[in-house]
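Undergrad: This is a predicted model, with the sequence first.
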Amino acid sequence: MSIYEKLNEQQREAVFYTEGPLLVLAGAGSGKTRVLTHRIAYLIEEKGINPWNILAITFTNKAAGEMRERVDNIVGFGSESIWVSTFHSTCVRILRRHIDRLGYDTNFTIYDTDDQKTLMKDVCKYLKIDTKIYKERNLLAAISSAKNEMITPQEYRLQAEGDFHKQKIASVYEEYEKQLRANNALDFDDLLVKAVQLFQTQPDVLEYYQERFRYIMVDEYQDTNTVQFMLISILAAKYRNLCVVGDDDQSIYKFRGANIKNILNFEQVFEDAKVIKLEQNYRSTGNILNAANAVIRNNRGRKDKTLWTANGEGEKISFRQFDSAYDEAEYVVDDIREHVKQGECAYNDNAILYRTNAQSRMFEERFVTAGIPYKIVGGINFYARKEIKDLLAYLKTIDNGQDDLAVRRIINVPKRGIGLTSVNRVQEYAAAREIGFYDALRAVDLIPNIGRGASKMESFVALIEHFKAEAEQVRISELLEDIIEMTGYVEELKAEGDVEAEARMENIDELKNKIAAYEEACTQKGELPSLSDFLEEVALVADIDSLDENSDYVILMTLHSAKGLEFPHVYLTGMEDGIFPSYMTITSDDPEEVEEERRLCYVGITRAKQQLTLSCARRRMVRGETQYNKMSRFLKEIPMKLLSTGAVFEREDKEVKMQNTYRQAKQTFQTKAFSTKPVQQFKVSNGKGPGYDVGDRVRHMKFGEGLVTSITEGGRDYEVTVDFDTAGTKKMFAAFARLQKI
DNA sequence: AAGGGCGGTGTTTTT
DNA sequence: CACCGCCCTT
């Protein structure tokens, strides 16, 4: 029983409150994962609930794995039969069993963003839609939000009454759905939508899962969207043992349909819901927490709460402004190297966070030159790389011949002399007869006007048929080997012989490793590895899932990816208006948008346990042109007293003044939506200088105490000469030396 | 059929 | 800057 005594009062209350709807408002770092794991343990150990009856939904696969592990450590048995997974994985698992009820084949394929775009191109071509006016991206976005609100194409059509633009989208939506179905494919949103539809239309299936999932827990509830809400409400409708955990201040996924009302109105929807607030933070120092609180306080429409901590104040938050993004990266990388060198921390205690993926490049370059191990999370997903998608398309074709997209992707990869004209002929033939592309290909001799393309296509079909037969016999790893061998895929890359081809081959090796790991895992679980299973796993992994705590590298990622994680030292970079908050949100007339950015800032700050460094650059290349940005408005929301005095702030020398005028002129020119107030700059107390003067005694972290003998202005920093008592005379840059006046 | 070159365009953020 | 689509050449 003692494990529950280590929890604080509110945590314990949440753990013991097992029956009926429960909303746990858990501030950042307040131990919500602990609550969830202990709650599961409590259900099993103390309430005698069968692990089989528990469903826990997490935000990432990684979080799911960790939760299972932690429960395992507490309970010691039965944790493997708890259903812990993400919304998407949960739905796939259910759909694999029952989607035939909705007229799909159970070996459906999952389309990623890339596939969706390809399909949308086809749809637009077919409907003769000018993609200059209706961009694929926007069409897909419109469809996605419709799906997130559970609006079917038919309903969309009805709502579009009298609106030409919407009617156009309705037609696209209809055709898009039709083609998905024809390809026996589901997109990401469909996974959720079809699961809800399944429950809505198949009472026996619903009954089964309601009986099974008597206790439901949802993590990161603030980021659920309408479909997800419907899914859990319908599942929980019978037993009503629904526990949701979240923090409205950390809702950062509105752009993908997250509905903050799900958490704000939980008590209205479930009138008898119990609400428990967790406000004690165990993660961060007082200074970090106060900064976070100060920022988030500026948001309206949030549930009132203030995080507090029993941890000490800790170090001050360091803030630095640099001339360029290049300088910023240089500083951060050097700072990390220095800390590690001093033995203060390991590389993987450091995380660099930024608003957009593009910002990672600067840092990457610096890390490469510095020879420091690093890992960039996000950006281009491993499984979205060309070579990986190609090989997976082979596997998909072998697994599900109805996936036209996959077949068309590989029919001429590597080159076999099958051109676009031939492919189009087959496509037309298939469309006219309403059969699949591959099926048409099998009967290629019946297709008119194919000419000499026919024989090439026949041998392609023969190749695939060979693989299909083989797939029945051998393991996936062997199948892939054979695909590579027979198609000459790697051979072609070898012939290219450049760095890029080299990287692609490495990726292919990595794919082999992943397949081997999958097969290994299956053998361990005593299951038979299946191609469909593997492809499904692949479709739903996020890059963040591959983060490995045991490898020592600096971690770089977007603020979004950082949600739910924590690091001893966090660098929050690119703190500039126009970057963070992003240009899109500050020019938007919806103030909610900036509020979401502010929540993102709150998430970023609260990732830090001990040290937080905020940085920005005056000048930065964005999309090929130099931008001059003001400091982020969020920085100004942080009280000065929380910031370290050693930080070098704005220097009003001539060059900078000119830049200021230039950028202000530029910004006023660009948009009037920017704040009309003059830029409020942080100032060092005496107006300029590094905070000490010639003749002052100073202290250095490593060299001890000494006398400042000269200060000269360098390019973008002061060069300080110090006569140290023990270490001799050193010249150093003020920004790096971090000298303290004594 | 395929590859190279040119111009236009555009970004938050992700399962 | 980097990607994509289009057009041109071979």
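TA: Sure thing, it's come through.

Undergrad: So which residues make contact with the one helix or strand A:I288 maps to?
TA: For A:I288, the element it lies in under DSSP states H and E is helix A:286-296. By Cβ atoms under 8 Å, 6 or more residues apart in numbering, the surrounding residues in contact with helix A:286-296 are A:28, A:249, A:281, A:284, A:302, A:306-309, A:311-317, A:598-599, A:601-602, A:605-606, A:608-610, A:612, A:634, A:637-639, A:642. Bear in mind the C-beta positions are built from the backbone N, C-alpha and C, glycine included.

Undergrad: can you give me how far it is from the chain middle?
TA: Between the centre of helix A:286-296 and the centre of its host chain there is 24 Å, according to Cα atoms, centre = their mean, to the nearest Å.

Undergrad: so A:V24, which of the three states?
TA: Under the three-state scheme (DSSP: H, G, I helix; E, B strand; the rest coil), the conformation of A:V24 reads as strand.

Undergrad: Pull the contacting residues for it.
TA: Residues in contact with A:V24 (Cβ under 8 Å, 6+ apart) are A:14, A:32, A:35, A:243-246, A:275-278.

Undergrad: again, only using 10 Å
TA: Applying Cβ atoms under 10 Å, 6 or more residues apart in numbering, we find A:V24 in contact with A:10-11, A:13-15, A:17, A:30, A:32, A:35-36, A:39, A:217, A:219, A:221, A:243-247, A:274-278.

Undergrad: Which ones among these lie within strands?
TA: Using DSSP state E, the members of the contacts of A:V24 that fall in strands are A:217, A:243-246, A:274-278.

Undergrad: out of the residues you listed, who's nearest A:G419?
TA: The shortest approach to A:G419 among the ones in strands among the contacts of A:V24 belongs to A:G246, at 52.8 Å (Cβ to Cβ).

Undergrad: how close does the closest one get to A:Q222?
TA: If you measure A:G246 against A:Q222 using Cβ to Cβ, to the nearest Å, the figure is 4 Å.

Undergrad: what residues are shared contacts of the two?
TA: Both A:G246 and A:Q222 are contacted by A:25-26, A:260, A:262-263, under the criterion Cβ under 10 Å, 6+ apart.

Undergrad: So which of those wins on neighbours?
TA: In terms of neighbours by other Cβ atoms under 10 Å, the shared contacts of A:G246 and A:Q222 top out with A:A26 at 29 neighbours.

Undergrad: I'd assumed A:V245 was in contact with that residue.
TA: Yes - taking Cβ atoms under 10 Å as the definition, A:A26 is a contact partner of A:V245 at 5.4 Å.

Undergrad: quick one, strands of the stretch 501-650 of chain A?
TA: Taking DSSP state E, counting those that start in this stretch as the test, the strands found in the stretch 501-650 of chain A are A:554-558, A:567-572, A:608-622, A:625-628.

Undergrad: and if you look at the stretch 201-350 of chain A?
TA: In the stretch 201-350 of chain A, the segments counted as strands under DSSP E, counting those that start in this stretch are A:215-218, A:242-246, A:274-278, A:280-281, A:308-309, A:318-324, A:350-354.

Undergrad: which residues are there in the stretch 51-200 of chain A that come within reach of DNA strand B?
TA: A:60, A:86-88, A:112-113, A:132, A:135, A:137, A:188-189 (Cβ under 7 Å from any atom of the strand).

Undergrad: could you redo the last one with a cut-off of 10 Å?
TA: If contact is defined as Cβ under 10 Å from any atom of the strand, the residues of the stretch 51-200 of chain A in contact with DNA strand B are A:58-62, A:85-89, A:91-92, A:110, A:112-114, A:116, A:132-133, A:135-138, A:140-141, A:144, A:148, A:187-189, A:191-192.

Undergrad: do the stretch 401-550 of chain A as well
TA: A:411-425, A:450-453, A:456, A:492, A:496, A:539-545.

Undergrad: Please pick the buried ones from those residues.
TA: The neighbour-count test (16 or more other Cβ atoms under 10 Å) marks A:411-413, A:416, A:418, A:422-423, A:425, A:450, A:453, A:456, A:539-544 as buried among those.
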